[in-house]
Each structure stands twice: as structure tokens, then as C-alpha cells.
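Colleague: quick one, structure for this:
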Amino acid sequence: QVQLVESGGGLVQAGGSLRLSCVASGRLFSRYVMGWFRQAPGKEREFVATISWNGAYTSYTDSVKGRFTISRDNSENTVYLQMNSLKPEDTAVYYCAARPGSTNSYADQYNYWGQGTQVTVSS
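Modeller: Down below sits the predicted model:
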């Protein structure tokens, strides 16, 4: 069982930056693939980024490539999402998620979810 707690969301102007953190409980964090997803009002939850268990492989949705960076620190049971050059369309609740096995961009393939953190980007 893995419990995930996100933090770092907030209100920022367009062009600004935020860094989201997600701390996982449990001793097996390093065995899990981690992902970030987001959900805007009235929209479905969408994939943002994923990272392999050792951090060697990352993948991003096209709309955030070059602006967002996912990383992890297995010694701290934490995964990060550094978000730069934020745009109003990045406004959403951001969720971290965990799954065993290989990286994946489909939300229904993730077993564990955090409660989400709100990111609001003003124009």
C-alpha cells in the first residue's frame, strides 16, 4: 500500500514557476513508477509526465515538453514536478500517482493516487 501527499500548488502569474512535490509512504517507493496527472474543471483527467523507478526514463505530454520537468529522490520517497513558463491553460488540480511495472500514460493503469493540489495560473 502506498499513500501519496502532494504539495506546492498555488496561484501564479503566467510565465511564472511552481514546483510540486509528492511524498510517498511505505518502504517500496523505489519500485514504483510515478506519474503526474491534472484535471481542469469540466475536463477529464489528463496525463502530464511519468518517470521510471530509477529516474532514467521520463515522458511528457506534448503541451508541457520543454516547460515541465519530472524528477524523483528515492532516498526521500519524493517525486517532483518543476513547472516553468506556466500558462493559464495549465490551471488544474494536479495529482501524483504510482504504479508498479513500466511507465505509462494512462490514468487507469495507476494503482495509487494523492488527493491533488490546485495550480492556478492567472493571465
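Colleague: model confidence score at Ser17, please.
Modeller: For Ser17, the model assigns a pLDDT of 98.
Colleague: quick one, grab the pLDDT at Arg25.
Modeller: One correction, residue 25 is Ser, not Arg. Among the per-residue scores, Ser25 shows a pLDDT of 94.
Colleague: need the contact list for it.
Modeller: Val2, Gln3, Leu4, Asn77 (Cβ atoms under 8 Å, 6 or more residues apart in numbering). Every residue, glycine included, has its C-beta placed from N, CA and C.
Colleague: same check on Gly114?
Modeller: Gly114 sits next to Leu4, Val5, Glu6, Cys22, Tyr95, Cys96, Ala97 when contact means Cβ under 8 Å, 6+ apart.
Colleague: and the pLDDT for it?
Modeller: For Gly114, the model assigns a pLDDT of 97.
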